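> fold the stuff below for me.
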Amino acid sequence: MRVHFIAIGGSAMHNLAIALHQKGYQVTGSDDIIHDPSKSRLNKYGLLPEEFGWFPNKISTDLDVVILGMHAKKDNVELLKAQELGLKIYSYPEFLYEQSKDKTRVVIGGSHGKTTITSMILHVLNYHDRAIDYMVGAQLDGFETMVHLTEENDFIVLEGDEYLSSPIDMRPKFHLYKPNIALLSGIAWDHINVFPTFENYVEQFKVFTDSLINGGIMVYNEEDAYVKDVVESSENHIKKYPYTTPEYFIENGITYLQTPEGDLPLEIFGDHNLQNLAGAKWICQHMGIDEDDFYEAIESFKGANKRLEKIAENNETVIFKDFAHSPSKVMATTSAVKKQYKDRTFFACLELHSYSSLNADFLKEYKGVLDNADKAVVFYSPAAVKIKQLDEVTKEQIAKAFDRDDLIIYTNPEDFRTFLFSQNVKDTALLLMSSGNYGGLNFDEVKGLI
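Down below sits the predicted model:
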């Protein structure tokens, strides 16, 4: 099969391109710019475009499939040529569904936790040498790619994102997978540029729940009131399996899970991660992994990339980086670190980088989310606000929104870096939260703080 990617350089797109190449497909692609690690990884497999840009002459009737990425625009010249020729054009999730129509599809959804839960499931299955297909939203230790597709595997595990499918398909990705088994971890308003009201956002999860096949299985976090209502009010003929935070305790900075086999020390911590673990256990059991085998494997799970990722530690200091950017994720992450390191100074830094977080109307959702920290810093770039074509956000608006008198605010990357490296971090838990990089902060240099 000959497949062409329009916008091959994206995190998800380049991984799918590599997966199809490994499956034996003929893969080509285009993009106007490709950064590392996508660039190096595409080059490794001989898939990096020779020249950046969009080239209509790459589109011909010799192609079997065109896969369209979100980075492309509706007027992309390659897309227009493909439409003119009547070629089959798939969005990323549409194509994944086509590749998995004859498999048992396991889809992990929710506003938060889905990457971690998917990663936990893959870790457990990999530990027990269970071969499956998958798509996950982060690079995992022990896995070459974020996407793996075969003809022979019976199961596919998919991280179910509620963001849009493509520039010409405005359906949320997770509406397209038609799960046999699914999970909902939580619902907290996000992507306000697409879902302008909370009610509209919740509706997407109702559609997802109703998209399960007849007789399918839904595992859900019943401690989340919105999830509980969405699932339990659904009239879809599905089996419903609720989960809650399991019993645990913290001793000498280590979280222990209380199990029928005894107290199990974990590499991860925090109520939200323990909830994620409970959901992952249910999914693994539905995939044929018994409880004892799950516990044996999960003990060595260190977390997904950038999800409370420990980047440095000594006897006095620990430094984490985390992808948290939405209010609910920031609250969950800061609560976890505060509880885990209650005898240390907790220093939390947050970059406002996403469209939602830089929207003046949405800022009020951040009230109190940094209150767990002993010292709190917010960084944002006025240039990023302009790029996203949003109204100007002022330091005064930030201060008012977070409702914290001692909040430190930076808008210049160098000033923030100077401040960060001037701090005494002895007896400190330092947490750096962002979906960006603080205007070019080198996290390897941050490790040198201790």
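
> which secondary structure elements does the helix or strand hosting Val107 sit against?
Assigned by DSSP states H and E, Val107 belongs to strand 104-109. Packing partners of strand 104-109 (3 or more CB pairs under 8 Å, 6 or more residues apart in numbering; DSSP states H and E): helix 114-127, strand 155-159, strand 181-184, helix 198-210, helix 271-286. No exception for glycine: its C-beta is placed from N, CA and C like everyone else's.

> mean pLDDT, distance to Ser40 and mean neighbour count added to those, as JSON lines?
As requested, the helices and strands packed on strand 104-109 are exported to JSON lines (pLDDT from 0 to 100; distance: least, CB to CB, whole Å; neighbours: other CB atoms under 10 Å):
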{"stretch": "helix 114-127", "mean pLDDT": "94", "distance to Ser40": "22", "mean neighbour count": "25"}
{"stretch": "strand 155-159", "mean pLDDT": "97", "distance to Ser40": "23", "mean neighbour count": "24"}
{"stretch": "strand 181-184", "mean pLDDT": "98", "distance to Ser40": "33", "mean neighbour count": "28"}
{"stretch": "helix 198-210", "mean pLDDT": "96", "distance to Ser40": "35", "mean neighbour count": "17"}
{"stretch": "helix 271-286", "mean pLDDT": "97", "distance to Ser40": "31", "mean neighbour count": "23"}
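
> could I get these as a markdown table with distance to Ala401?
What follows is the helices and strands packed on strand 104-109, written out as a markdown table (distance: least, CB to CB, whole Å):
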| stretch | distance to Ala401 |
| --- | --- |
| helix 114-127 | 26 |
| strand 155-159 | 30 |
| strand 181-184 | 29 |
| helix 198-210 | 17 |
| helix 271-286 | 23 |
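
> contact partners for Trp54?
By CB atoms under 8 Å, 6 or more residues apart in numbering, the contact list for Trp54 reads 6, 30, 32, 76-78.

> what's the closest of the residues you listed to Thr118?
Minimum distance to Thr118 across these is 26.0 Å, recorded for Ile6 (CB to CB).

> need phi/psi at Glu309.
For Glu309, the backbone dihedrals (degrees, to the nearest 10) come out as phi -80, psi 120.

> was I right about Leu257 contacting Ile250?
No - if you go by CB atoms under 8 Å, Leu257 and Ile250 don't touch, sitting 11.0 Å apart.

> give me the more crowded residue out of those two.
Set Leu257 next to Ile250 and count neighbours by other CB atoms under 10 Å: Leu257 wins out with 20 against 13.

> did I read that right, the more buried one in a strand?
Yes - if the criterion is DSSP: H, G, I helix; E, B strand; the rest coil, then Leu257 is within a strand.

> what sits against the spatially closest residue to it that is not a sequence neighbour?
Distance criterion CB to CB, 6 or more residues apart in numbering; nearest residue to Leu257, sequence neighbours excluded, is Leu264 at 4.4 Å. Shown in contact with Leu264 (CB under 8 Å, 6+ apart): 256-258, 295, 298-299.

> and for His14?
When contacts are counted by CB under 8 Å, 6+ apart, His14 touches 8, 34, 38, 41-42, 47.

> that one sits in which helix or strand?
helix 11-22.

> quick one: average confidence on that helix?
Helix 11-22 carries an average pLDDT of 94.

> now do stretch 336-343
Computed over stretch 336-343, the average pLDDT equals 93.

> and what of stretch 425-438?
What stretch 425-438 shows for mean pLDDT is 92.

> using CSV, write down the CA coordinates of it.
Listed next in CSV are the C-alpha coordinates belonging to stretch 425-438 (Å, rounded to 0.1, in the frame of the first residue of the first chain):
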residue,chain,number,x,y,z
VAL,A,425,16.8,24.3,46.4
LYS,A,426,18.1,22.5,49.5
ASP,A,427,15.3,20.5,51.2
THR,A,428,13.1,21.3,48.3
ALA,A,429,10.7,19.6,45.9
LEU,A,430,10.9,21.6,42.6
LEU,A,431,8.1,21.1,40.1
LEU,A,432,8.2,22.5,36.5
MET,A,433,4.8,22.3,34.8
SER,A,434,4.3,23.2,31.1
SER,A,435,3.2,21.9,27.7
GLY,A,436,6.1,24.1,26.4
ASN,A,437,9.6,24.8,27.6
TYR,A,438,9.6,28.2,29.3
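
> buried stuff in it?
For stretch 425-438, a neighbour-count test (16 or more other CB atoms under 10 Å) marks 425, 428-436, 438 as buried.

> which of the residues you listed fall within strands?
428-433 (DSSP state E).

> tabulate those (CSV), appending distance to Lys58.
Listed next are those as CSV, based on distance: CB to CB, whole Å:
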residue, distance to Lys58
Thr428, 52
Ala429, 50
Leu430, 47
Leu431, 45
Leu432, 40
Met433, 40
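
> of all the residues you listed, which comes closest to Asp415?
For those, the nearest to Asp415 is Leu432 (15.9 Å; CB to CB).

> ok, the closest one - contacts?
Taking CB under 8 Å, 6+ apart, we find Leu432 in contact with 319-322, 349, 438, 441, 443, 446.

> can you count the residues close to Ile8?
Neighbour tally, Ile8, other CB under 10 Å: 25.

> who's the nearest residue to it once chain neighbours are set aside bridged to?
Residue nearest to Ile8 in three dimensions, not counting chain neighbours: Gly29, with 2.9 Å by CB to CB, 6+ apart. For Gly29, the beta-bridge partners are Phe5 (DSSP bridges).

> what about Gly29, neighbour count?
For Gly29, the neighbour count with other CB under 10 Å is 23.

> got it, and Ile59?
For Ile59, the neighbour count with other CB under 10 Å is 24.
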